[in-house]
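>>> Provided below are the primary sequence and the corresponding predicted coordinates.
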Amino acid sequence: MFQKSLRVERVSLSLLSMPLNKYAPQVANHRRTQVAILEGAKALIATVGLKKMSMIEIADLSQVSRATLYNHYRDKDSVLRALCESEAERFVNLARNSPSAIEALEKISVEISQDKALENMRKTDPETLTLFLTAQEDRLWKAVSAAISLVVSNPVVSELTVRWLIGQALHPLTPMQSRQQAEAIINSANL
């Protein structure tokens, strides 16, 4: 009897020592590397601009090897795409974690208006920024629109809200303007 319970104990202890997902450490490391690369790319856009940024500089600023960078992203365009997706996801999370629709729009507006990378792109790469902001058929645009429609229940006002937010990438607002305009949008949606 004792022998049997000891064996069960050993089995249960060995199960406890096994990771639930044996790939979890690699996934976590992969995610940390991706975040470092995207943060490095965003910092470079904010300082040198999109056109002057290179994959070598991204690797150096991200503190990853060039091989690691190319294992994650094939070229600068794929890094930029991932950065845009990451930023859109960040905005969606800001909206989800806001206590009200007004605060959600205000936070997103302030983030867009104060973003240093967008500020530098307005100066150094306005044509690229404009092309990105007008890509309405892109799946990223559609994802952002869907997320905004959850905040603003009126479909017409939702589409106008997306355009309002995109406009701020080109013409930023002050935090006070962000608040006032967010209130006006939500109030008009609730009429």
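Received, thanks.
>>> Can you list the low-confidence ranges for the chain?
Where the chain drops to pLDDT under 70, the residues are 1-27, 191.
>>> need the longest helix for it.
What stands out as the longest helix in the chain, according to DSSP state H, is helix 24-47.
>>> residues of that helix that come out buried?
Across helix 24-47, burial judged by 16 or more other Cβ atoms under 10 Å covers Thr33, Gln34, Ala36, Ile37, Leu38, Gly40, Ala41, Lys42, Ala43, Leu44, Ile45. (Glycine included, C-beta is placed from N, CA and C.)
>>> Can I get the helix or strand harbouring Ser78 in CSV, CA atoms only?
According to DSSP states H and E, Ser78 maps onto helix 76-96. Output in CSV follows, covering the C-alpha atoms of helix 76-96 (Å, rounded to 0.1, in the frame of the first residue of the first chain):
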residue,chain,number,x,y,z
LYS,A,76,11.4,46.6,-43.7
ASP,A,77,7.8,46.5,-45.1
SER,A,78,7.0,43.5,-43.0
VAL,A,79,8.4,45.2,-39.9
LEU,A,80,6.2,48.3,-40.6
ARG,A,81,3.2,46.1,-41.2
ALA,A,82,3.7,44.4,-37.8
LEU,A,83,4.2,47.7,-36.2
CYS,A,84,1.0,49.1,-37.5
GLU,A,85,-0.9,45.9,-36.4
SER,A,86,0.7,46.2,-32.9
GLU,A,87,-0.3,49.9,-32.6
ALA,A,88,-3.9,49.1,-33.8
GLU,A,89,-4.0,46.3,-31.2
ARG,A,90,-2.8,48.8,-28.5
PHE,A,91,-5.5,51.2,-29.4
VAL,A,92,-8.2,48.5,-29.3
ASN,A,93,-6.9,47.5,-25.8
LEU,A,94,-7.0,51.1,-24.7
ALA,A,95,-10.7,51.3,-25.8
ARG,A,96,-11.6,48.0,-24.1
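>>> For the following helix or strand past it, which outside residues touch it?
On the C-terminal side of helix 76-96, the closest following helix or strand by DSSP H and E is helix 101-114. Here helix 101-114 makes contact (Cβ atoms under 8 Å, 6 or more residues apart in numbering) with 90-91, 94-96, 98, 118, 151-152, 161, 164-165, 168-169, 172-175, 178-179, 181-183, 185-186, 189.
>>> same check, this time on stretch 70-79
His30, Thr33, Gln34, Ile37, Leu38, Ala41, Met53, Ser54, Met55, Ile58, Ala82.
>>> Switch those over to CSV, and while doing so, append distance to Thr134 to every line.
Putting the contacts of stretch 70-79 into CSV (distance: Cβ to Cβ, whole Å) gives the following:
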residue, distance to Thr134
His30, 33
Thr33, 32
Gln34, 27
Ile37, 26
Leu38, 23
Ala41, 22
Met53, 22
Ser54, 26
Met55, 26
Ile58, 26
Ala82, 20
